[in-house]
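In: sequence unknown, structure follows:
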């Protein structure tokens, strides 16, 4: 009898729990990237913002995020790009840079002539073009999407190696306004630009940084292999930090979609939970950044000379009768910050043209969907106070990070690099005037960082 009463009470309790939780999504219970991506696919059937994120994951990411790049399965016709880059590293890099123009001109000439010859001798450009044209037709018989990502990265780093031809970056290379790339590097590029919907000659954070890691998390293309352990450690530490930021960002992007879709479905409890998780994960991301962006992990004495410059570009070409200078790859192109700004309803950090040059079509589409469906301005009244508080906490975190980031990054940019003009990867050459001090040259960049922190409201 007692057992019967217990079972009856238990059944009632289960019924009450089921009634209270009916219709509620529990995003925190969906763990693991694969499960979360599958959940996003379910949401994508009804919600534009989820569909936009899935489009990005499928096209840019080959079904995952950060993007999957299969460097081990490049077809025979594409393999020489990889081997040529590796073979020429000793010619590209030195740990004793020269400030003598004639020495650097000769080194640049030797590297470019050698690379051009190897590309011409080892690559059948007609076969490469045929592969890319089949992809344009959505025929994936020769390469998979993750293999295309690896090739995109490979061509991008080869282009950067040819563009600079001397590492660390030197003044004679910085003064070049146009660079005539070999056909093996120039002809495939428009195909890749069209596929990803990105229009910079320098590539992007996605192509140059994220796709440079294989599925095991190993970085494929270094440029300091022949240099000192301190330089190698700084390069590996810096780019692994950027990659790990994107690894951690996936959960933020997922919960960002859950927050928006839950609000659209009038499920405020689920929305609040997602906002709380975004703030929690963002704190973890910022902790990671500040713990790793230190002298111990990424030495300031070598970062500016030997690490930062490779992914710059600072050259251009004529486009529709107008000379366009292309900047390089920068941390301000990282997706998660663009998406969070969109959720807050902020204007973009970049101009429309800059976004098209450095962020893929699907990444732009996702951020536009987030901005369009942002519900922050719709929150009001007592029932929304908890969500309003989470938005305020998000603003506080971003403002603090941007202020601290300025204090963290400016000392790295202030280090001497006498072999080159003042330059950042994302803003090109700042000044060629020998009478301007580095702190003066960096002032506009520092002011942009200050302004962005003040705009975070």
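Out: Received, thanks. Being a predicted model, the structure only gives us computed values, none of them experimental.
In: Specify which residues of this protein, grouped into ranges, have pLDDT under the cut-off.
Out: 1-29, 426-428, 438-439, 441-450, 452-455, 457 (pLDDT under 70).
In: where along it do the strands fall?
Out: Counting by DSSP state E, the chain has strands at residues 315-319, 322-326, 422-424, 428-431.
In: Same list, those strands, but as JSON lines with distance to residue 363 please.
Out: To be clear about C-beta, it is placed using only N, CA and C from the backbone, and glycine gets the same treatment. Formatted as JSON lines, these follow (distance: least, CB to CB, whole Å):
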{"stretch": "strand 315-319", "distance to residue 363": "22"}
{"stretch": "strand 322-326", "distance to residue 363": "18"}
{"stretch": "strand 422-424", "distance to residue 363": "22"}
{"stretch": "strand 428-431", "distance to residue 363": "22"}
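In: Out of those strands, the one nearest residue 163 is which?
Out: strand 315-319 (6.5 Å; CB to CB).
In: other SSEs contacting that closest one?
Out: strand 322-326 (3 or more CB pairs under 8 Å, 6 or more residues apart in numbering; DSSP states H and E).
In: contacts for the strand it packs on?
Out: Residues outside strand 322-326 that contact it (CB atoms under 8 Å, 6 or more residues apart in numbering): 177, 200-202, 313-318, 357, 428.
In: Of those residues, select the buried ones using a PyMOL command.
Out: The PyMOL selection below is limited to those of the contacts of strand 322-326 classed as buried (16 or more other CB atoms under 10 Å):
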select buried, resi 200+201+202+313+314+315+316+317+357+428
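In: one step back: so of the strands of the chain, which one's packed in deepest?
Out: With neighbours defined as mean count of other CB atoms under 10 Å, the strands of the chain peak in mean count at strand 422-424, which reaches a mean of 23.
In: for that strand, packing partners?
Out: strand 428-431.
In: Packing partners of the strand it packs on?
Out: Contacts defined by 3+ CB pairs under 8 Å, 6+ apart place strand 428-431 against strand 422-424, helix 438-441.
In: so what strands line up beside it?
Out: Paired with strand 428-431 in the same sheet, following DSSP bridges, are strand 422-424 (antiparallel).
In: Please state the offset of the strand it pairs with from the chain centre?
Out: On the basis of CA atoms, centre = their mean, to the nearest Å, strand 422-424 sits 20 Å off its chain's mean C-alpha point.
In: just to revisit the earlier point, in a markdown table: the contacts of strand 322-326, plus distance to residue 294.
Out: Output for the contacts of strand 322-326, formatted as a markdown table (distance: CB to CB, whole Å):
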| residue | distance to residue 294 |
| --- | --- |
| 177 | 37 |
| 200 | 30 |
| 201 | 33 |
| 202 | 28 |
| 313 | 28 |
| 314 | 28 |
| 315 | 33 |
| 316 | 36 |
| 317 | 39 |
| 318 | 43 |
| 357 | 32 |
| 428 | 27 |
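In: Identify the residues contacting residue 227.
Out: 93-95, 306.
In: let's see 7 Å
Out: 93, 95, 306 (CB atoms under 7 Å, 6 or more residues apart in numbering).
In: what's the answer for residue 81, then?
Out: 154-155, 158.
In: would you list those residues in JSON lines and tack on neighbour count and distance to residue 110?
Out: Output for those, formatted as JSON lines (neighbours: other CB atoms under 10 Å; distance: CB to CB, whole Å):
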{"residue": "154", "neighbour count": "25", "distance to residue 110": "22"}
{"residue": "155", "neighbour count": "23", "distance to residue 110": "22"}
{"residue": "158", "neighbour count": "22", "distance to residue 110": "17"}
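In: In helices only, show me these.
Out: The members of the contacts of residue 81 that map onto helices under DSSP state H are 154-155, 158.
In: Quick check on the contacts of residue 227: which are buried?
Out: Buried, going by 16+ other CB under 10 Å: 93, 306, out of those.
In: For residue 127, state which of the contacts of residue 227 is nearest.
Out: Using CB to CB, residue 93 comes nearest to residue 127 of the contacts of residue 227, at 30.4 Å.
In: quick one: contacts for the spatially closest residue to that closest one that is not a sequence neighbour?
Out: Excluding the flanking residues, the one nearest residue 93 by CB to CB, 6 or more residues apart in numbering is residue 167, at 4.4 Å. Applying CB under 7 Å, 6+ apart to residue 167 gives the contacts 92-93, 223, 310.
In: Look up how far residue 235 lies from residue 196.
Out: Applying CB to CB, to the nearest Å, the value for residue 196 to residue 235 is 25 Å.
In: same check, this time on residue 46
Out: As for residue 46, its distance to residue 235 is 44 Å (criterion: CB to CB).
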